[in-house]
Structure formats: C-alpha cells, structure tokens
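Asker: Next come a sequence and a model predicted from it.
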Protein chains: 2
Amino acid sequence: MIEEGYAAVSSRRVATGAGVNVGLVYYYFATMDDLFIALFRRGAERSLERQAEVLSSPQPLWGLWDLTHQQSDPAVTMEFIALANHRKAIKSEIADYSRRFRAMQVEVMTRVLPGYGLDPEQWPASSIMVMMTGISRFLLIEDAFELDTGHAETVALIEGRIASLEGPRGSAGTHGATEPAPLTF
Amino acid sequence: MIEEGYAAVSSRRVATGAGVNVGLVYYYFATMDDLFIALFRRGAERSLERQAEVLSSPQPLWGLWDLTHQQSDPAVTMEFIALANHRKAIKSEIADYSRRFRAMQVEVMTRVLPGYGLDPEQWPASSIMVMMTGISRFLLIEDAFELDTGHAETVALIEGRIASLEGPRGSAGTHGATEPAPLTF
DNA sequence: GTCTATACCGAGATAGAC
DNA sequence: GTCTATCTCGGTATAGAC
C-alpha cells in the first residue's frame, strides 16, 4: 500500500505476501474492503493509544506536535483518504476515528490551555488543534514531495510558540510560563 | 477520478466516456500515466492563472484564502497525491507545479506583508503561506468527511487576522490598517 | 486519425476437496 | 482452517485495416 498504492493491494498479493492461498484471504476477509478496514482500525487504535500517552504527559502540546512528525506516515494516510473518497464504509470508519482523536485533544487542551495564559475566547482549544494538526500534516505531505520552502521558518515559529507556553521541549514541570506568554500561538 | 478514485480511471472507461475507441486513447496518450499527467497539467495551469489574478488584486491575502475554499476540489487533489506516491513522473510533476505556486505566493507576500505592519523576521512570508495553505487544505479535507469540530472558530480566527491586515473582505483600498495590526497573523 | 480485433494478464470472488 | 481449481470480468497495450 505504501509503495504502490491501495490499488496495488490485491487478494492475490496479500496471499502471496503471507505465504498463503488466495482462498484463505477471503476466509478471513469477505471482501477487500473488510481487509482495508481491519488494517485501518489496527493502525488507528495504536495511534489513539500513543495520543493518549502524550496528552497525559506534562507537555501535551509538545507531545502532539512531535507525535505527528514521528508517527504518521503521510503516504499511508493519503492512501486511506483517497480510498475513502469512493468507499463509504471506509469513509465513515475514518470519520469515526478522527472524531475520537479530535475529541480527546480538545478535552485535554480545554483544561490545559487556560493555565498557560491563553484566553479561550480568543484561542479556542479546538482551533489550536485544527491549526496545529493541519500545519504539521501539510508539512509532512510537502516533505514527501521534497518541497521545503518555508518549512524551517514555520517549524521554528510554531515551536517557539509552544515553548513560550509549555517551556522548552522535554523540560517537564517548567511549563505555565511565569511571564504570561504573548497571545500569539 | 473524483467519484471512484484514480484506480477506476481506465483506458476503456475514458474511451467510452469520450464516445471513442480504446485504441484512440493510446494514440493520444501512450500510457495511462501520460494521460494523468496531461490532466494534472491542465488543471494546474488553470489554477496558476487564477492564483496570479488574486495575487495581483488589492487584497491578495483574502484572494488566496478564498481561492482555496472555492476552487480546489480536495478529492481530486488527494487522488493525485496518492497517485504520486507510486508514480515518479507524476510526483515530480506535482512537485514542479507546487514550487511555482509557492514561489509566486512568496514573491508577492514578501513585497506586501511589510506594508501591513508585519515584521518579516517574526512572520516570514513563506511561513504565512505554509500555515495558511496547510490550514485551509486541512479544513477542506475534514469537510469531505463531515468533520467540523473547531472549523467555525478557526475560520473566524483566520479571517479576523486577515481582516486586521487587509481590512474587511472586498473593501479594496482600505487595507494597510491605520492602527498597526497586532502581530498575531 | 479512427476503428476492429485480439493478446495477455491479474483482479475479485466462489465451490468444493481435504 | 487451508488448499486446488475455476469463473468472469476488466485492465493495459498492440497490430493492422481503413
């Protein structure tokens, strides 16, 4: 899927890769869509766990930011999104999990951000999450195309804001900046 | 391609859709990749023209922001990105055009943003473009999945910043805010 | 330039033996 | 559970007549 795209994932190739017969693939997964959904679900569950971990850390913003840059292979994500464009079952599966990811983020951030001196009226937790996620995903996609115009500057800018809110990366406990950070995310 | 994904685009179906014979498709496009590249190029050229237009308007920030929300069908974009993951020729085609889009944006913004009172050290034009593009693309993708948590808030936030720099949407000439806008993008 | 005809392959999926 | 065998379809691509 990563190397050749979802269209290259066939029952025959899965069988061969597993050292097994084609019929057996259909014994476990009635259709190829079922197989894709099982694959997605397994990955999503793992990611949910990892997100829960970093969100419960002393520096959830740093945790989330770093998580995107490490974990998520943008290629496989793009494949699933493309798949979802024309397979309803997969689309709703992705939508369900995305809601859970977002809900978990917003729940934590709504509690944490005011302590950082961020006015929730001006900087709603949900917006912070949408913007942060959008930007980091976009950076990864561009990376895959070897596009990097403005990337270093953007990373520096975002990480500067995170640091002003949570203190330097890895310095657990020093967050809750003494001088209320400028409201500039 | 939009309805069923790139994998559903076959020489046979293209031929049928065009009311023409399969052989003729291969007469014009030696391989299906050539056809995809031609398709992408045509769309990209049109988009480049539209971008040039809005960038030369009196409110280039508003123009760019609105352009993403109107024009770009995220579905077809996703399909091309997925395609690019495993077809080198398409990948480099997309990369080339992306560089041209970004270069055009940065060129204009580097001239324009200082006049808005934005310090280029703190807010490099390239970063503004990366962030704005990333966020608006992300919003569109989520929309396709009927996810809208935080969307309204984020749009309000971004549009508020644009308005503080360029004045209200559509009010050409009133930009260059009289009171230097707070440096908060 | 457009068509007919065809070669060849791999896809999804099922039946039925073991 | 696992395999063999097979059906049916649609994919890419080409040769060659018109």
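Answerer: Structure's in. What do you need?
Asker: Next, give phi and psi for A:Q122.
Answerer: Dihedral pair for A:Q122: phi -80, psi -30, per degrees, to the nearest 10.
Asker: measure it to chain B for me?
Answerer: 8 Å (Cβ to the nearest Cβ, to the nearest Å). Where C-beta positions appear, they are placed from N, C-alpha and C, glycine not excepted.
Asker: How about A:T110?
Answerer: With distances taken as Cβ to the nearest Cβ, A:T110 is found 11 Å from chain B.
Asker: Work out for me the element that residue sits within.
Answerer: Using DSSP states H and E, the element containing A:T110 is helix A:88-112.
Asker: Going by neighbour count, list what's buried in that helix.
Answerer: For helix A:88-112, the neighbour count (16 or more other Cβ atoms under 10 Å in any protein chain shown) marks A:90-91, A:93-95, A:97-98, A:101-102, A:105-106, A:108-109, A:112 as buried.
Asker: What is whichever helix or strand comes after it packed up against?
Answerer: Following helix A:88-112 in sequence order, the next helix or strand is helix A:125-144 (DSSP H and E). Where contact means 3 or more Cβ pairs under 8 Å, 6 or more residues apart in numbering or on different chains; DSSP states H and E, helix A:125-144 is packed against helix A:60-70, helix A:74-84, helix A:88-112, helix A:151-166, helix B:125-144, helix B:151-166.
Asker: The ones you listed: which one's closest to A:A38?
Answerer: Across these, A:A38 has its closest neighbour in helix A:88-112 (9.9 Å, Cβ to Cβ).
Asker: For the closest one, which outside residues touch it?
Answerer: A:33, A:36-37, A:40-41, A:44, A:47-48, A:51-52, A:55-56, A:60-61, A:64, A:80-81, A:83-85, A:120, A:125-126, A:128-129, B:142, B:145-147, B:149-150 (Cβ atoms under 8 Å, 6 or more residues apart in numbering or on different chains).
Asker: Now which of those residues would you call buried?
Answerer: Applying 16+ other Cβ under 10 Å to the contacts of helix A:88-112 flags A:36-37, A:40, A:44, A:51, A:55, A:60-61, A:64, A:80-81, A:83-85, A:125-126, A:128-129, B:142, B:145, B:147, B:149-150 as buried.
Asker: tell me which parts of chain A are close to DNA strand D?
Answerer: Neighbours of DNA strand D within chain A, by Cβ under 7 Å from any atom of the strand: A:20-24, A:27.
Asker: Let me know the closest of those residues to chain B.
Answerer: Here the nearest of these to chain B, counting by Cβ to the nearest Cβ, is A:V22; it sits at 19.7 Å.
Asker: my read: the closest one touches A:S11, true?
Answerer: Yes. Here A:V22 reaches A:S11: they are 5.5 Å apart, a contact under Cβ atoms under 8 Å.
Asker: Just give me the neighbour total for A:F138.
Answerer: Counted with other Cβ atoms under 10 Å in any protein chain shown, residues neighbouring A:F138 total 21.
Asker: low-scoring stretches of chain A, by residue?
Answerer: For chain A, the stretches with pLDDT under 70 are A:71-72, A:172-185.
Asker: Tell me which residue lies nearest the centroid of it.
Answerer: A:T68 (5.2 Å; Cα atoms, centre = their mean).
Asker: any idea how far DNA strand D is from that residue?
Answerer: Plainly put, A:T68 is 35 Å away from DNA strand D if you go by Cβ to the nearest atom of the strand, to the nearest Å.
Asker: again, but for A:P124
Answerer: 46 Å.
Asker: Leaving out the residues flanking it, which one is nearest to that residue?
Answerer: Distances taken as Cβ to Cβ, 6 or more residues apart in numbering or on different chains put B:E153 closest to A:P124, at 4.4 Å, once the chain neighbours are dropped.
Asker: residues touching A:G63, list them.
Answerer: A:53-55, A:57.
Asker: what do you get if the cut-off is 10 Å, keeping everything else the same?
Answerer: A:50-51, A:53-57, A:108, A:166, A:169 (Cβ atoms under 10 Å, 6 or more residues apart in numbering or on different chains).
Asker: tell me the domain ranges of chain A?
Answerer: A:1-30, A:32-166 (automatic domain parsing).
Asker: So for B:A15, which of those sits nearest?
Answerer: Of all the domains of chain A, domain A:1-30 sits nearest to B:A15, with 19.6 Å by Cβ to Cβ.
Asker: how far does the closest one sit from the chain's center?
Answerer: Mean-position distance between domain A:1-30 and its chain equals 26 Å (Cα atoms, centre = their mean, to the nearest Å).
Asker: Can that domain be said to contact DNA strand C?
Answerer: Yes. With Cβ under 7 Å from any atom of the strand as the measure, domain A:1-30 is seen reaching DNA strand C through A:8-13, A:22-23, A:26, A:30.
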